[in-house]
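S.K.: sharing a sequence plus its predicted fold:
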Amino acid sequence: MNDYDALRDYLMRQKQTEFMLSFEEIEEIIGAALPRAANRASWWDTSRSPDIQMPQREACLAAGFKATRMPDGQTVRFTKQKSDRRRPGVKSD
């Protein structure tokens, strides 16, 4: 279990396709303080350096969300990603 499994589980329970959480709310969810690095937008970027393991990014992606730190530096927007699964019997052009 990593520090961000609770965040992953929280995100997986969400029905909204987009919502925001404050750093304080995220800390409450994970039961720990976020590192200072969380203040950097790049720390939340789910598309940055996919070959480097980042537990917070893995938690978001595992739940199907993209995370973006907002300009206020204290809030993160979570956006549900569309599934790439194709419906059986439907051809794509």
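M.R.: All right, it came through fine. Numbering: from 1, shown residues only.
S.K.: nearest residue to the middle of the chain?
M.R.: The residue lying closest to the centre of the chain (CA atoms, centre = their mean) is residue 60, at 2.9 Å.
S.K.: report the mean per-residue pLDDT for the host helix or strand of that one.
M.R.: In this structure, residue 60 is located in helix 55-62 according to DSSP states H and E. Taken as a whole, helix 55-62 carries a mean pLDDT of 91.
S.K.: number the residues from 38 up from this point.
M.R.: Happy to do that; since the first residue is 38 now, the last one works out to helix 92-99.
S.K.: and the spatially closest residue to residue 107 that is not a sequence neighbour, how far from residue 76?
M.R.: Once flanking residues are discounted, residue 107 sits nearest to residue 114: 5.9 Å by CB to CB, 6 or more residues apart in numbering. Glycine gets a C-beta too; all of them are placed from N, C-alpha and C. Between residue 114 and residue 76 the computed distance is 15 Å (CB to CB, to the nearest Å).
S.K.: the residue nearest to the centre of the chain against residue 48, yeah?
M.R.: Yes: applying CB atoms under 8 Å as the test, residue 97 and residue 48 come out as touching, 6.6 Å apart.
S.K.: any shared contact partners between these two?
M.R.: Common contacts of residue 97 and residue 48, defined by CB atoms under 8 Å, 6 or more residues apart in numbering, comprise residue 115.
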